[in-house]
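1. Everything below, folded, please.
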Amino acid sequence: QHYYITNNLRMSAWAEVRQLQEELYNVQLEATKNKLSERNCVAVIQRLINLGWLEVVYSCDGKEYITPKQLEKDILDELYVCGGRVAMTDLAQTLNVDYSHVEKKVNELLSHDTKLSIHYGELISKQFFDNLAIEINETLQETGLLPLTQLSREVSLPVSTLAKELVPRVGDLIIGTYDKKTDTLFTTAFVDRQAAKLRGACSAATRPVHLGKIMEVHGITASLGHSCVKDMISSGRLKGQLQGHSTNPVFIPSLYTSAQNQWADSFYKQNGYITFEMMQNKGIDNPHSVIARFVDSVSLSSGCVSEGAIVGVQSIVEEAVATDTYIELIDWMFDWCNEADEEEVLGLVLANSTADLFRILPSKAVVSVSLLNKLLSSFDGKIAEQVKSDAVNPKILATFKKFDNAAASAEIKTVKKAKGGKKGKKGRARDDDDEEFTPPKPALGPTYLSAQQIEDDIKDLQFFMDNEPKEDTTLAEISELLKKELNDKYCKALDEEVRKKTMKSSKSQQKADEDTINILYNTVILCEKGLKNFEDPTIRAQIEKHILKTLCLELTKATFSKLAEETGCPFQGDNLKLDSIVGYLPKNAKQFATSIITSVTSGTDVEEFIQSYTELTDPQFTQLLVRKLDKKKERNMVFSKKQALLEQLKTEQNSADLLNISCNLIFIKQHSTLLHVPGRCISSVVKLISKDFTGPQLETINRSLSSVVTELKGEGAMSGEDKQALRDLVSEILFGKQVNEVTEL
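-> Numbers count the residues shown, from 1 in each chain. All right, here's what the predicted structure looks like:
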């Protein structure tokens, strides 16, 4: 009873306290009738609890009891005393009750009382948020804005909780507006002041300005500033537009946009063109929309050009074509065009011109066909002189003969395929696949002049002296264009001249073929003789394979070509097939031909080839007269080869070829025979020829070999001094003199 009186005194009004005091006083004055001990009282209460007639909650020390209803009342009283917000742990400590009982009772309260809520271990009533909203409103009216983040730090509640509880009170207890993006409260007056600052700053702008810079200078909230500017632009109060990223957009005044459009219109009208780069340099972000306004424009990849400008350029080009001259790109093309635009403009300019009257060079210069014909005619006299000399030149004639045979062969194949067309159901030849029978282009014939030679000739003409090209490539491109025409003209004239001179006797031709074959045959014999100087069998095998694949194969082809003519084998000239000719040879000669073919394809013995070749060229099998050289002619042949190599030595600049020539000359000097080795064996040749070298000579040849190896690996190149040292070494060994002295001799 005393416990209940104590609690009521603490929580009730003063009037109730006085009343209870009087009642207690009266009770105390009365005499005690039945007195129970403390132990008996505990036993009675325990009995009631066990019977389920009484429900109590023990205090933390176990000396006091409290009913659940009283616990609920005490929780609500404590919440009221604490201003509508109290921590659950503080409740348990204040009420001297275990935390689990407090938590259970609080959950029961939350289930039926919507005015209560719990946030992060704190029990909070609606009254707390109402009082907080009143305080926030007072602060908001003074400052104009209040971020919930700041308020969160002050009241120790998360922003999400504050937003959930305070947003419904905006417009009622809180006079202002709430920005959900930034979780900020504003007053209407504050928003109006910010909008006025923005309106003034943006209205005064005459060029694009970053909105973030304006807001930074005037202290305007970013999200509020963006929304205010957008609203003013949409309402028409502010003339302009926002562009760029939403975090820091750029405000572009209408005055600036209008000035840009006026500049673009004026420039296009005066010049007849405008480019995207120009407009971007002027700050025009959407140049395509500007070009779309020009009705008479032609769109290009880098801008646009007016139709009038195209017509003006077209008249310049047509005049050049009509006056039998040429016009370069630099003379008429717009300097602002890129390569793609030049192609398109050129197509527009020449769209209405007759294609047969001009030619377009790779540099897009336009040349009159009449001018090209005049240039071709200027070579008529030179072609006639050249044909007369070339018609008696064996090398030129051999090249021309190969070209003529290839063309004839291609023509025959084309005719055969065309005649053997596919058969339809009624046996008629179908022409559906005519395109499949397009004749292949024959091998090129002898070349009259190179493009460089043609350029050297035409640049001295009076026409080009009076009309010198501005571009370095113009004459070269005209020369390349003339090259094919001149070569065709030359080949045609040469063909006519050759046919006039085909009265040469067959004996003369036979003699020339025999000389060629004999030279090859004796070269093989001399190289086989030089091969014997190598002691290493591996190196000898490599050199023998090289000789068989090169010299022996060339000799075989030349010999089999003559045999094909003699036996009537259809595989002649460039169509010669080595294995096909065997069937046309006499029976006793087939085995030697087969042995030769095996040697040049997969053989390893040059001596075996020579024996088989000697047997095959026996007079009983062929009219060819193949004979070995005597000692005198052998020396003459070696001497001629040496002289040819010496001439090459003077001018050769390729390091590997220079070393090869040098080794050949030294080998000829030492062994009086010829050498024919692959590049991978050159080190073995160096080792062979340098056995008797002195110190400086050995150092020079080894340094040259190392330089060549390094150059082939791509790690360096032979210096000019090393090349000259190698030439001096060869001259010293051959003549005992420096190369300069030999040249003078």
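2. Please make it C-alpha for all contacts and neighbour counts, starting now.
-> OK.
3. For P362, give me phi and psi.
-> The phi and psi values for P362, taken as degrees, to the nearest 10, are phi -60, psi -30.
4. mind listing what it touches?
-> With contacts defined as CA atoms under 8 Å, 6 or more residues apart in numbering, P362 is in contact with E477.
5. Distance check, it against I136.
-> Using CA to CA, to the nearest Å, we find P362 at a distance of 80 Å from I136.
6. cool, and K181?
-> To I136, K181 is 19 Å away according to CA to CA.
7. So if I had to pick from these two, which one is more boxed in?
-> I136 (19 against 8; other CA atoms under 10 Å).
8. ok, that one - contacts?
-> I136 touches I174, counting by CA under 8 Å, 6+ apart.
9. Repeat the analysis, applying 10 Å as the threshold.
-> Neighbouring residues of I136 by CA atoms under 10 Å, 6 or more residues apart in numbering: 130, 142, 146, 151, 166, 173-175, 185.
10. Output these in a markdown table, with secondary structure appended to each entry.
-> Shown next, in a markdown table, are the contacts of I136 (DSSP: H, G, I helix; E, B strand; the rest coil):
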| residue | secondary structure |
| --- | --- |
| D130 | helix |
| E142 | helix |
| L146 | strand |
| L151 | helix |
| L166 | helix |
| L173 | coil |
| I174 | strand |
| I175 | coil |
| L185 | strand |
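11. Could you give me the PyMOL syntax to select whichever of these are buried?
-> Per 16 or more other CA atoms under 10 Å, the buried members of these correspond to this PyMOL selection:
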select buried, resi 130+146+151+166+173+174+175+185
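12. wait, which of the contacts of I136 is closest to K557?
-> Nearest to K557 out of the contacts of I136 is L185 (CA to CA; 101.3 Å).
13. OK, contacts around the closest one?
-> 136-137, 140, 144-148, 166-167, 170, 174-179.
14. switch to 6 Å and redo it
-> Contacts for L185 (CA atoms under 6 Å, 6 or more residues apart in numbering) come out as 145-146, 177-178.
15. farthest-separated two in those?
-> By the measure CA to CA, L146 and T177 form the most distant pair in these, at 10.5 Å.
16. residue ranges for the helices of the stretch 601-745 of the chain, please.
-> Chain-ordered helices for the stretch 601-745 of the chain, with DSSP state H, counting those that start in this stretch as the definition, fall at 606-616, 631-651, 655-671, 682-689, 695-712, 720-735, 739-744.
17. Among these, show the one with the smallest mean pLDDT.
-> When these are compared on mean pLDDT, helix 739-744 scores lowest, with a mean of 43.
18. quick one: secondary structure of R359?
-> In terms of secondary structure, R359 is strand; the call rests on three-state DSSP.
19. so what's the nearest residue to it once chain neighbours are set aside bridging to?
-> Nearest non-adjacent residue to R359, counting by CA to CA, 6 or more residues apart in numbering: V367, 5.2 Å away. Using DSSP bridges, the bridge partners assigned to V367 are Y326, R359.
20. Can you report how many residues lie near V367?
-> Neighbour count of V367, defined by other CA under 10 Å: 23.
21. got a list of what it touches?
-> Taking CA under 6 Å, 6+ apart as the test, what V367 contacts is 326, 358-359.
22. Pick the most deeply packed of the helices of the stretch 601-745 of the chain.
-> Of all those, helix 655-671 carries the top mean neighbour count, a mean of 20, counting by mean count of other CA atoms under 10 Å.
23. Having no further points to raise, I will conclude here.
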